[in-house]
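In: after the sequence you'll find the predicted model.
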Amino acid sequence: MKNFDLLFNCMFLAVIIYQALYFLVQYIVMKRAELFYYSVFLLSMSVYYFFFVQAVIFNISFVPVINTLLSSVKFPVTFLTNVFYILFILHYLNLQKNKNRTFTVCNYFKYFNLFFALVFFLVHAFGIESINLFHLITLITLLFSTLVLFMLWRIKSIYSKGILYGTSCTLIGICLTHTFIMTETNPNNPKPGAYLPIQISQLFEVFILGYGLSLKAAEIDKKLVQTLLENQEIIEVERSRLAKDLHDGLGGLLSGIKLTLSSVADKVPEKNTPLFTKANNQLDTAIREMRRVAHNMMPEALLKFGLGEAIQDYCDGINESHIITIKYTQIGSLQTLSQSTAIVLYRIIQELTNNSIKHAAAKNIFIQITNHPKGFTITVEDDGKGFDSKMLPEEKGTGLKNVRSRVEYLKGNFVIDSAQGKGTSIIAEIPDSN
């Protein structure tokens with residue numbers, strides 16, 4: 001039995017410490033306060049169990065100075081652990097922003113635990129026996145915790161339910177453990193199995209809250225992508241406006257200047273003819289450049305004729321260079337696409353094509369859009385040098401990350417098939433909801 005208890009306690013500590021370090025790393029990456037407080041809560045819990053539970057049960061001895069220090073902080077550590085847990089709840093549920101009754105109750109509970117952490121430290125410093133007082137305050141703490149759980153139950157969110165279920169498991173485990181300890185002949189030296197209920201309940205709590213934290217992280221990432229692409233939509237609207245202003249405003253002005261110059265061409269003195277011709281050619285270049293800029297900002301064909309015509313126009317423009325050949329194929333109609341979705345799909349194809357031209361040194365690119373009952377499939381293939389898809393985050397910069405964000409915005413997914421010297425094939429699946 002003792003071997004089982006030793007094995008279980010080691011496993012329990014390993015799980016708690018692993019979770020603590022995992023969420024500490026998550027905090028370093030994501031800078032979210034609830035991850036920090038939860039990792040500190042788990043670390044303080046692991047410290048308590050190692051020094052004050054396992055050391056007693058398995059007769060682990062320390063030098064006298066360490067024993068004196070541990071005995072002075074044994075009870076304060078339990079209350080400080082509660083403080084870290086309350087701080088985690090406040091940030092996890094964003095209660096500090098709302099300042100509602102739940103926030104007030106949690107805040108009072110935090111100060112309650114801070115106060116008694118200090119009280120028990122002073123009680124030990126003055127050499128006063130405090131075990132009975134500790135059990136009394138623990139009972140009050142359980143009642144206070146029940147009030148906190150009731151306030152969390154009133155919030156009725158998926159995250160508050162996670163805390164509600166996890167903390168309820170722990171409270172049940174604490175009650176059972178204290179019952180077992182108080183019924184023993186020597187409560188200061190309990191049997192190994194006395195702490196089993198609270199350890200099992202806390203493992204349940206750790207897994208429930210760990211799942212909740214992962215769920216919230218995924219939701220935050222999703223909201224971030226949604227915000228970024230909503231901003232992208234605003235940018236696309238502004239691009240469309242600027243492109244129209246360039247084409248209709250500046251384009252019309254330049255065309256008017258061109259007509260004026262043409263009307264006086266036969267009146268230019270012969271000695272000024274070369275200079276006039278040069279100015280006229282520069283004006284032609286300016287008009288072409290203006291049209292190119294306006295087209296890149298928002299293709300006129302996309303707004304007037306739809307996605308298929310815009311992609312074909314884009315491919316024809318590149319094919320005119322005779323440096324690279326792009327073939328575009330469309331299967332099915334694209335008329336059911338909304339303009340906002342068509343713009344996003346156009347940007348996806350534009351980004352993938354630019355990647356093939358700039359990075360892959362491709363000679364041939366194949367683009368295909370297929371409309372099928374489940375949605376749309378975009379395929380972009382090239383015969384370029386390819387790359388190791390495992391090195392994608394480090395090697396390919398922001399281009400494909402932008403593609404991924406746009407595809408995720410449309411609730412789709414994409415697959416990359418590439419190898420060194422074998423070209424690249426990228427397939428994006430966009431569901432019919434778009």
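Out: Received it, and whenever you're ready, just let me know what you need.
In: after the one helix or strand in the chain whose mean pLDDT sits lowest, which helix or strand is next?
Out: Among the helical and strand segments of the chain, the one scoring lowest on mean pLDDT, DSSP states H and E is helix 392-395, with a mean of 47. Next in sequence after helix 392-395, counting helices and strands by DSSP states H and E, comes helix 399-409.
In: below-threshold pLDDT in the stretch 301-434 of the chain: ranges please.
Out: Along the stretch 301-434 of the chain, the parts satisfying pLDDT under 70 run over 301, 303, 389-399, 433-434.
In: in it, which spans are strands?
Out: In chain order, the stretch 301-434 of the chain shows strands spanning 325-331, 364-372, 375-382, 413-418, 424-431, with DSSP state E, counting those that start in this stretch as the criterion.
In: check which residues of the third one are buried.
Out: Under the neighbour-count criterion of 16 or more other C-beta atoms under 10 Å, strand 375-382 has Gly375, Phe376, Thr377, Ile378, Thr379, Val380, Glu381, Asp382 buried. From N, CA and C alone the C-beta is placed, and that goes for glycine too.
In: just give me the closest of those to Phe366.
Out: Each of the buried residues of strand 375-382 was scored against Phe366 by C-beta to C-beta, and Glu381 proved nearest at 4.5 Å.
In: so the closest one bridges to which residues?
Out: With DSSP bridges as the criterion, the beta-bridge partners of Glu381 are Phe366, Ser425.
In: dump the residue contacts of it.
Out: Each residue near Glu381 by C-beta atoms under 8 Å, 6 or more residues apart in numbering is listed here: Ile365, Phe366, Gly423, Thr424, Ser425, Ile426.
In: the second one reaches Thr379, doesn't it?
Out: Read that as Phe366. Yes: with contact defined as C-beta atoms under 8 Å, Phe366 and Thr379 form a contacting pair (7.3 Å).
In: list the buried residues in stretch 338-345.
Out: Neighbour-count burial for stretch 338-345 flags Thr341, Ala342, Ile343, Val344, Leu345 (criterion: 16+ other C-beta under 10 Å).
In: now swap in stretch 360-373 and tell me
Out: If you call a residue buried by 16+ other C-beta under 10 Å, then stretch 360-373 has these buried ones: Ala360, Ala362, Ile365, Phe366, Ile367, Ile369, Asn371.
In: how near is the third one to Lys385?
Out: With distances defined as C-beta to C-beta, to the nearest Å, the gap from Ile365 to Lys385 amounts to 13 Å.
In: likewise for the first one?
Out: Ala360 sits at a distance of 6 Å from Lys385 (criterion: C-beta to C-beta).
In: mutual contacts of these two, please.
Out: Shared contacts of Ala360 and Lys385, counting by C-beta under 8 Å, 6+ apart, come down to Gly423.
In: Glu408 versus the residue most central in space within the chain, what's the distance?
Out: The centroid of the chain falls nearest to Asp221 when counting by C-alpha atoms, centre = their mean (2.8 Å). To Glu408, Asp221 is 9 Å away according to C-beta to C-beta.
In: break the protein into its domains for me.
Out: 2-228, 305-434 (automatic domain parsing).
In: same list, those domains, but as TSV with distance to Leu275 please.
Out: Formatted as TSV, the entries for these read as follows, by distance: least, C-beta to C-beta, whole Å:
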stretch	distance to Leu275
domain 2-228	50
domain 305-434	30
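In: any stretches of the stretch 51-200 of the chain with poor pLDDT?
Out: 55-60, 62-63, 97-99, 184-192.
In: all helices of it, in order?
Out: Secondary structure of the stretch 51-200 of the chain (DSSP state H, counting those that start in this stretch): helices at 55-57, 64-92, 95-98, 101-125, 131-155, 158-182, 196-244.
In: distance to Arg32 for those - can I get that in TSV?
Out: Converted to TSV, the helices of the stretch 51-200 of the chain look like this (distance: least, C-beta to C-beta, whole Å):
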stretch	distance to Arg32
helix 55-57	34
helix 64-92	8
helix 95-98	13
helix 101-125	18
helix 131-155	19
helix 158-182	13
helix 196-244	8
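In: nearest to Asp313 among these would be which one?
Out: Ranked by C-beta to C-beta, the member of these that lies closest to Asp313 is helix 196-244, at 14.0 Å.
In: using CSV, write out every CA atom in stretch 8-22.
Out: Listed next in CSV are the C-alpha coordinates belonging to stretch 8-22 (Å, rounded to 0.1, in the frame of the first residue of the first chain):
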residue,chain,number,x,y,z
PHE,A,8,0.6,8.0,-6.8
ASN,A,9,2.0,11.0,-4.9
CYS,A,10,5.0,11.2,-7.3
MET,A,11,2.6,11.0,-10.3
PHE,A,12,0.4,13.7,-8.7
LEU,A,13,3.4,16.1,-8.2
ALA,A,14,4.7,15.4,-11.7
VAL,A,15,1.3,16.3,-13.3
ILE,A,16,1.0,19.5,-11.2
ILE,A,17,4.5,20.6,-11.9
TYR,A,18,4.2,19.8,-15.6
GLN,A,19,1.0,21.8,-15.9
ALA,A,20,2.6,24.7,-13.9
LEU,A,21,5.6,24.9,-16.2
TYR,A,22,3.4,24.5,-19.3
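In: since that was my last question, I'll sign off now.
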